[in-house]
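Undergrad: below are the sequence and a predicted model for it; my questions follow.
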Amino acid sequence: VQLVESGGGLVQAGDSLRLSCGASGRTFDRYSMGWFRRAPGKEREFVAGISWNAGSTYYADSVKGRFTISRDTENTVILQMRSAKPEDTGIYYCAARRTFTASPFAGDYDYWGQGTQVTVSS
């Protein structure tokens with residue numbers, strides 16, 4: 001089982017960025033998915049989550065209204081970032097959880113990707 005993130009990079013404040021997470025090794029249609037990030041010198045934090053049928057989405061207050069999580073296919077999850085801020089800088093990880101509902105707690109997830117770096121300059 002493998003999760004691979006892509007789409008990270010360097011953008012300016014106010015720009016948009018689209019992160020993608022591709023899963024392989026099994027079908028993830030019965031997995032909820034989440035995005036987390038780790039900013040320099042900080043703990044990993046929840047960013048967004050989506051249920052396995054894409055019927056429910058969840059967001060951290062810091063990104064609500066700016067980020068959108070979606071399932072492009074049963075094995076691909078997208079995090080659309082808009083109005084990026086310097087405080088959005090960090091390594092972004094996607095994760096899969098063998099339950100219907102996503103969770104804001106990293107310990108609840110079963111599989112993780114290696115992460116993709118996002119840097120937002122002011």
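TA: Done, it's in. Quantities reported herein were computed from a predicted structural model and do not represent experimental measurements.

Undergrad: assumed residue 87 was part of a helix.
TA: Yes - counting by DSSP: H, G, I helix; E, B strand; the rest coil, residue 87 falls inside a helix.

Undergrad: and it, how far from residue 27?
TA: With distances taken as Cβ to Cβ, to the nearest Å, residue 87 is found 35 Å from residue 27. Quick note: C-beta positions are derived from backbone N, CA and C, even for glycine.

Undergrad: what's opposite residue 97 in the beta bridge?
TA: residue 32 (DSSP bridges).

Undergrad: list the contacts of it.
TA: Counting by Cβ atoms under 8 Å, 6 or more residues apart in numbering, residue 97 touches 31-34, 103, 108-110.

Undergrad: so which residue is smack in the middle of this protein?
TA: Closest residue to the average C-alpha location of the chain: residue 35 at 2.3 Å, with Cα atoms, centre = their mean.
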